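Asks: sequence and computational prediction follow.
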Amino acid sequence: IVRSASNKVDVVIVLNQQGVKWHLEEIQEGGIVIHDTKKVRLTEKDSILLKEKNVQFIYIPAAELVKENEGNLQMANTAILGYLWKLFGLPINSIASVILSNFAKKPQIAEVNVKILRSGFAFEPKNFSDYKFPFHPLSFRDVIFPSIDQGKLKNYFSSEMMSKPNMSLSSNVLVSGNEAVSLGAITAEVSEFFGYPMTPSSGILTFLAEKAHVSGMLVKQVEDEITAAGMVIGSMSVGSRALTATSGGGFDLMTEHLSLAGITETPFVCVIGQRPGPGTGLPTWTTQADLTLAVYSGHGEFPRIVIAPRDTSEAFYLIQEAFNLTEKWQVPVLFLTDKFLAESLFLSDKFDARKVKIERSVFDTSTLTDEQKANLHRYADTETGVSPRWKVGTISKTYITNSDEHDIDGNVIDDSESAILMQNKRQKKVKFIEAELPKPIVYRNFDLTDENIKSYGDICIVSWGSTTNVVLDAMDVMKLENPTKKISCIHYSYLWPLNTVLVNEAKESGTKMLIFEGNYQSELNEMLKMKTGKGIENTLLKYDGRPFFLEEIVEKIYNLFK
Amino acid sequence: IVRSASNKVDVVIVLNQQGVKWHLEEIQEGGIVIHDTKKVRLTEKDSILLKEKNVQFIYIPAAELVKENEGNLQMANTAILGYLWKLFGLPINSIASVILSNFAKKPQIAEVNVKILRSGFAFEPKNFSDYKFPFHPLSFRDVIFPSIDQGKLKNYFSSEMMSKPNMSLSSNVLVSGNEAVSLGAITAEVSEFFGYPMTPSSGILTFLAEKAHVSGMLVKQVEDEITAAGMVIGSMSVGSRALTATSGGGFDLMTEHLSLAGITETPFVCVIGQRPGPGTGLPTWTTQADLTLAVYSGHGEFPRIVIAPRDTSEAFYLIQEAFNLTEKWQVPVLFLTDKFLAESLFLSDKFDARKVKIERSVFDTSTLTDEQKANLHRYADTETGVSPRWKVGTISKTYITNSDEHDIDGNVIDDSESAILMQNKRQKKVKFIEAELPKPIVYRNFDLTDENIKSYGDICIVSWGSTTNVVLDAMDVMKLENPTKKISCIHYSYLWPLNTVLVNEAKESGTKMLIFEGNYQSELNEMLKMKTGKGIENTLLKYDGRPFFLEEIVEKIYNLFK
Amino acid sequence: MDFQKEAEKILDYKGEHEPTWCGGCGNYGIWIAIKRALSEMNIPPEKVYLCFDIGCNGNMNDKIDGYRFHGLHGRVLPAAVGAKLANNDLVVIATAGDGATYSEGMGHFIHTLRNEYPITFLVHDNQNYGLTTGQCSATTKQNIPMNSSPDGNSAKTLNPLDLALSLDPSFVAQGFSGDIESLKEIIKKAIQHQIDGKGLSYVNILQSCPTYNKATTQKWYFEKVKNMENLESKEINNLSFARNLVKDLETEIPLGVIYRSPSAVSFIDHIKKTDPITKDRATITEELIASLV
Amino acid sequence: MDFQKEAEKILDYKGEHEPTWCGGCGNYGIWIAIKRALSEMNIPPEKVYLCFDIGCNGNMNDKIDGYRFHGLHGRVLPAAVGAKLANNDLVVIATAGDGATYSEGMGHFIHTLRNEYPITFLVHDNQNYGLTTGQCSATTKQNIPMNSSPDGNSAKTLNPLDLALSLDPSFVAQGFSGDIESLKEIIKKAIQHQIDGKGLSYVNILQSCPTYNKATTQKWYFEKVKNMENLESKEINNLSFARNLVKDLETEIPLGVIYRSPSAVSFIDHIKKTDPITKDRATITEELIASLV
Ligand SMILES: Cc1ncc(C[n+]2csc(CCOP(=O)(O)OP(=O)(O)O)c2C)c(N)n1
Ligand SMILES: Cc1ncc(C[n+]2csc(CCOP(=O)(O)OP(=O)(O)O)c2C)c(N)n1
Ligand code: SF4
Ligand code: SF4
Ligand SMILES: [Mg+2]
Ligand SMILES: [Mg+2]
């Protein structure tokens, strides 16, 4: 599975004149330029450059291919796509099914497009010396494959066209991070979503709204982020599951409510899609610079959980865990995605909608006697600090969800003793949460021998969120290129409370340690310093809005081996 | 000077029946209860307790004393106050001048009150065995003394009544932290104050509004905190000095604007009066639990400065420094007070309104040629990261104060190179700021011998904000009681960027280290861990809304000597 | 009326604490009116969700029974609406001060009206910020000197009913803390509007604050208020009539239900899906995934 | 008109970049109208402070000259007002989208009107959230399906002029991006109102968004708008007349200056101190300290 972005370009498709100019430097040695205008105009300097790189030009008469099939000119892309698919050595049915399902409601257009696709696939360009597409070792291990009746495709394609290595993807799913979070939220039985559009999280609002008829979720775009946060707390306070999603700037506005959730021990979940700030920053780019924000925002002191999924699969499962955790511990959970994960399509193993069990942790009062009910206290002190939370409106014993410091029933207090008691009660949850949260995941590009079960290899990389995807790809590349060099990766998706056991273990194992973060201030590393007394010595930080590229990571690792 | 609060009560004044009940346990051995109702009703248990403590009861016929002087019943307190003053062994002129200046506009009421005061002062209670007021070693070293013509007082008081030890306070000032901040803001030539009421900072808005006619400052209560922050940035963006003040919850709402100030490098100063959260918490009590909030709030990454004054004197001077710093470095400055400092009256050396030089750091374009002007760039990269900031409207070379990532003139960009350049430019200020900010202040209760110039004594206490006041009092007490035990205190008023040199030095000196913080999460200590790899081993945290009491601090220090 | 029975009922709504408002404060009247209204409507404390804002008004939170919420300054509406949308069976009553509603929370006020979320909203309009010791609010009369505006409040006095009526609302009323009986009746009608599923019911309650509001005192109101209990339904349903009625903030201040939209549709009815969903969510997710590209 | 001269003048306001709006976007018209208005009024770029919000509208920030501010979504008003109060010599023009103004920033809108801060405020009302790809705004027609409300926007359509008029404002106008000439004239009057120190001048500009707003297109507007340039001053000064005029959002949509208060006082005049302060601040502080208890 391809998880990373690269900054090298193999094929450039020129649909306008400027295309070539923009990507001249990034075209790989031996790359290809496909063009649908008869001649590509180039400056002399540029032609020389391209010649030096042995770049080949392929002219595809897309307009003609379209005409042949009685399509209109907007379909020229489809012809090129068809040719490209052949170039990649991929079976035509995969891409054809995408077209068929895209135009499911317009079968005639679908048919024309598929025919054009076929013409493109079948086209043989002139003056084209044989080209071996420089497959990246990891590219196209799996490919898009919507659930279209494959029989249908036989109407259009020869079995030869369709007889490429087995690409059955029925066990895969291709969605964006936002869609994965949304699907997870639906699965988690979230019943209200209150949102306000903000890149890169708007997609969650859009997706959930479009599926509301199917899911039964109440999905509402409200007037601002403060409202969204307040409504989530209102819903949660009566015993429902509600969600909101935003980005850093919108989250700033929610932080007063975050603090409210803290003191009232009301469950609260917010997705923060990271994009580079400060301010409006680079609104359509990616970053990992809102981790300390998630950990420290909101006035006063209260426990919280911070989770950052690595990919769509984690996004789908961990948002469900987020709801179990927020209700179990009655602390807010912040769910950090980033623009790269949120808005790009990733291929992943098919999601199992029954894997994460829903644990509502709502206190069941149905078997209580009247006396027991009367003795229930919403904020009773307990061993773990977690008190019974029963649904508003269910029994005659009431309580106040109170923003003021309060007693066990929620009445306002301000004496010293009660204040200390309540703060202790809330804060003691931390050590239990710490003990319960899953540890960071360790990935290794080598086999563990029995004797050395904890080995972190020659190099141990620490990373979090979507950056880990690129790290894992890099580890695969390294394994192919340098099978003797052992590399491990400690991946944090549960970031707070911060687990330091594995990092300490790795440090003690004597491995060289290296951390990658998509930010300037090295946010995870600073927190590791705070909690372990020592940070990770080798660092690569990136803060230009781009995700890490495979090449950068590989290079950094190579340098460490020197 | 008394800087701390104590939890022991020497004198209880009973104006209603419940008074005694509330404070029974806190009355000191040998204390006094003053009452103005003929008989105080007590349960048997309570009478026994009070007898055991040798508590004396003094009946003052306040109503009669008032009547004598033709006052009304609300003035009964004044009679008691007069008697109290005698009990304390204080000269009557000090308190009389307070009354005179309070009622300056109502001279007749003032006169009646002063007469009643005199009757109270002159009153001799029956059945009162001689009472030596148990002066705390530090109590009443100095006393309130408004600038009232002392001659006037002679009309009322015998010279004997006024002949107590010299209490001239003309060189002192008695103000609250809020008033000190306000006076500092006036001195700093702040020209706009935009505020929204929130305890404990509302006093700044009230005070500045009341003095607006005198100061010429534009003072406006706006519709919410977001507006206040936005208006400050608007004013600052054209080259003015503006201020706002709030508490943690209101500050949460300002954090999006904080981030805006960060990316646009617009000066910004906000006073955060700390009160215990989360949520509404204990709104009229004190805390030190918004330090990490100040340091990490606001999405994205940008440099900032955090200052927490210790007392009214620091409040007055450091708010002026805050404005010099925010304009010099073009980074936001957060000014942390707390309820205890903000709303209590403290006596301090008289403020010198000419001590802090105003440094506007506004770029002077008046001597530039037209060509030089055209070559000015608001966000030009420089050695220190600080670019020229000239007033909007002054020259024909314009710029954009742009929340989007931008080029040197403020135009929107999103290419990788420019984004990196701008983030580097902003962030490189940090090391210069670090180098320039004053170090923490070291206080010692012992003389430094020449050989051992860096000595931190047997115990070195780290503290910040108003907690240091109590620490200093405790050091004085310890010196009186245990002159051989040497204690030092590293006091942080400049908290971020965090200076670690002195703390490291102290650690290396082998002294025992101890930190006091008015919070649960040990916020400064956690940051010290992050920046030095090791926290301070001994900690006393307090989070019940009360300031530290002298006795607690002294006890903790004693225990450390054991 | 069976007074004994009524007293017992109000007792149901007794809170754990006694009120701490200043003597003569209008909050006492509002407090009694709310308790009486709920009792008379036979709504048991466990079926009501009383949502409070921060302020003198919000200090009622532990002086009354019921499930309760006491949140942030200016933010009671989002919380109350969130609760109602999560559980439509609750009778949700949001209360807030004029400071909270017309300044910090103005956006919520307008959009809650526009959306016809079916809750009841009672504003304790004492024309100042009581809890923070008497600063001006949007409804403070212009030019009156207040804490932090010693030269007189410089902004124009807000007419909240006029503002609300510009939004084509479904239920607008005005009450007065000094007339508990009529206030109680208004509150009952407002709650009934909610129970009938007709959208938002909004009541501005003129409230005296003897401590800080010296401009519009209890006495001042008694001289100016005019009970409009007997409006005909064709008047109550007439927006222009209502807009005319509320213009006057100085001489004849109308009390009662002032406007009721004949055509309002509650948010919940507006978004109601035709088919109730019967499948479990895991199945829905599986089908959704199958349908995705 | 000397076209050559005019063209040169507009050139003064040329920004560093070319616009990136979609073809046919109404922002082009507003952009030209603003540049022309400023040029014709002979206001040099260095004397103007153009404050932008976030959105398609705000993308104008680097396509025009002048000192400029481009801040946060929904927050342009506080920044613009702060700037004006700090430097009254600047001509301060705030612009924002309907999303920013009537949702995220609703509180600022109302209180800026109430306070009569003397700036000019232009709303690009394209009846949707253009930049975030077409979600509904408060002015989107009810029941129209939009991004994130596929079953149709459930909230009642906001009538911003009616809302503004309920606040007794000093200058209310409506323009249309498709009629640049008349829009320019309106903007000039609005700026003049500011220069004359009369308080806030607010212009709602109906703007087409061919990409996302299929309900109220350029064509739709052309059929409905009605120019009110020729109102008599006694009509313009009449609040009831204005309120009547703006009611119609569907058939005869008024364009032009719709209301001008005969009695408005700008915030700055309202708070003006009688005596200018001549002492330096250090001296003032010294005297204040001396006067304190
Ligand atoms: C975000 C925030 N800002 C400010 C405050 C301080 N505060 C508490 S109540 C209040 C306003 C009180 O006025 P109103 O809403 O009219 O209630 P009243 O006390 O008059 O009943 C304010 C400003 C706060 N708690 N939170
Ligand atoms: C706090 C915050 N929330 C959300 C956004 C995302 N956002 C950017 S522009 C915009 C609204 C655009 O609508 P409008 O103001 O009408 O401007 P238009 O694009 O239509 O001109 C939103 C929601 C943001 N930048 N900041
Ligand atoms: S301050 Fe005013 S509103 Fe608050 S309790 Fe006192 S009288 Fe009532
Ligand atoms: S989306 Fe609409 S408003 Fe934005 S540029 Fe395109 S047409 Fe204009
Ligand atoms: Mg009020
Ligand atoms: Mg818009």
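Replies: Looks like it arrived, so ask away. Ligands and ions are numbered 1, 2, ... in the order given.

Asks: where along chain C do the helices fall?
Replies: Listed in chain order, the helices of chain C (DSSP state H) span C:3-12, C:27-40, C:76-86, C:98-99, C:106-115, C:160-165, C:180-195, C:218-224, C:233-236, C:239-246, C:267-271, C:281-291.

Asks: how about those in TSV, adding mean neighbour count, mean pLDDT and distance to A:Met254?
Replies: Every residue, glycine included, has its C-beta placed from N, CA and C. What follows is the helices of chain C, written out as TSV (neighbours: other Cβ atoms under 10 Å in any protein chain shown; pLDDT from 0 to 100; distance: least, Cβ to Cβ, whole Å):
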stretch	mean neighbour count	mean pLDDT	distance to A:Met254
helix C:3-12	12	65	37
helix C:27-40	23	97	30
helix C:76-86	30	98	11
helix C:98-99	31	98	22
helix C:106-115	25	98	14
helix C:160-165	23	98	27
helix C:180-195	21	98	28
helix C:218-224	15	96	39
helix C:233-236	13	89	39
helix C:239-246	18	95	35
helix C:267-271	18	93	22
helix C:281-291	18	93	26
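
Asks: closest to ligand 3 out of the ones you listed?
Replies: helix C:27-40 (5.2 Å; Cβ to the nearest ligand atom).

Asks: so, in contact with chain A or not, that closest one?
Replies: No: counting by Cβ under 8 Å from any Cβ of the partner chain, chain A is not contacted by helix C:27-40; separation bottoms out at 12.9 Å.

Asks: contacts (any at all) between ligand 3 and that helix?
Replies: Yes: part of helix C:27-40 sits near ligand 3 under the criterion Cβ under 6 Å from any ligand atom, namely C:Asn27.

Asks: thought C:Gln207 was touching C:His124?
Replies: Yes: judged on Cβ atoms under 8 Å, C:Gln207 makes contact with C:His124 at a distance of 4.9 Å.

Asks: what touches both of these two?
Replies: C:26-27, C:30, C:57, C:177 (Cβ atoms under 8 Å, 6 or more residues apart in numbering or on different chains).

Asks: keep the residues you listed, but drop any that are not near ligand 5.
Replies: When Cβ under 5 Å from the ion is applied, no member of the shared contacts of C:Gln207 and C:His124 is adjacent to ligand 5.

Asks: dump the residues you listed into TSV; add distance to chain B as well.
Replies: Formatted as TSV, the shared contacts of C:Gln207 and C:His124 follow (distance: Cβ to the nearest Cβ, whole Å):
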residue	distance to chain B
C:Gly26	20
C:Asn27	18
C:Ile30	21
C:Asn57	14
C:Ser177	23
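
Asks: which two in these are spaced the farthest apart?
Replies: By the measure Cβ to Cβ, C:Asn57 and C:Ser177 form the most distant pair in these, at 10.5 Å.

Asks: any residues in contact with both of these two?
Replies: Common contacts of C:Asn57 and C:Ser177 (Cβ under 8 Å, 6+ apart): C:27, C:30, C:124, C:207.

Asks: low-confidence ranges, chain A, go.
Replies: Scanning chain A for pLDDT under 70 picks out A:1-2, A:15-24, A:89, A:91, A:127-171, A:450-452.

Asks: repeat that with 50
Replies: Chain A contains residues with pLDDT under 50 at A:19, A:135-148, A:164-169.

Asks: what's the longest strand in it?
Replies: Ranked by residue count, the top strand of chain A under DSSP state E comes out as strand A:27-35.

Asks: partner strands of that strand, with direction?
Replies: Here strand A:27-35 is paired, per DSSP bridges, with strand A:9-14 (parallel), strand A:56-59 (parallel).

Asks: what about the ones you listed, which gets the closest to ligand 2?
Replies: Ligand 2 lies closest to strand A:9-14 among the strands paired with strand A:27-35, at 30.6 Å (Cβ to the nearest ligand atom).

Asks: residues of that closest one that come out buried?
Replies: If you call a residue buried by 16 or more other Cβ atoms under 10 Å in any protein chain shown, then strand A:9-14 has these buried ones: A:10-14.

Asks: and the spatially closest residue to A:Asn538 that is not a sequence neighbour, how far is that from chain D?
Replies: If the residues on either side of it in the chain are set aside, A:Asn538 comes closest to A:Leu514, at 4.2 Å by Cβ to Cβ, 6 or more residues apart in numbering or on different chains. According to Cβ to the nearest Cβ, to the nearest Å, A:Leu514 stands 37 Å off from chain D.

Asks: host element of A:Leu514?
Replies: Counting by DSSP states H and E, the element that carries A:Leu514 is strand A:512-517.

Asks: ok and whatever helix or strand comes next after that strand relative to strand A:512-517, angle-wise?
Replies: Sequence-wise, the next helix or strand downstream of strand A:512-517 (DSSP H and E) is helix A:523-532. Put simply, helix A:523-532 runs at 130 degrees to strand A:512-517, going by axes from the mean of the first three to the mean of the last three Cα atoms, to 10 degrees.

Asks: and helix A:523-532, what does it pack onto?
Replies: helix A:291-296, strand A:459-464, helix A:501-509, strand A:512-517, helix B:523-532 (3 or more Cβ pairs under 8 Å, 6 or more residues apart in numbering or on different chains; DSSP states H and E).

Asks: ok, which stretches of the stretch 251-400 of chain A are strands?
Replies: Under the criterion DSSP state E, counting those that start in this stretch, the stretch 251-400 of chain A carries strands at the ranges A:268-274, A:305-307, A:332-338, A:345-349, A:400-402.

Asks: what helices and strands are in contact with the last one?
Replies: If I follow you right, that is strand A:400-402. With contacts defined as 3+ Cβ pairs under 8 Å, 6+ apart, the packing partners of strand A:400-402 are helix A:248-264, strand C:67-70.
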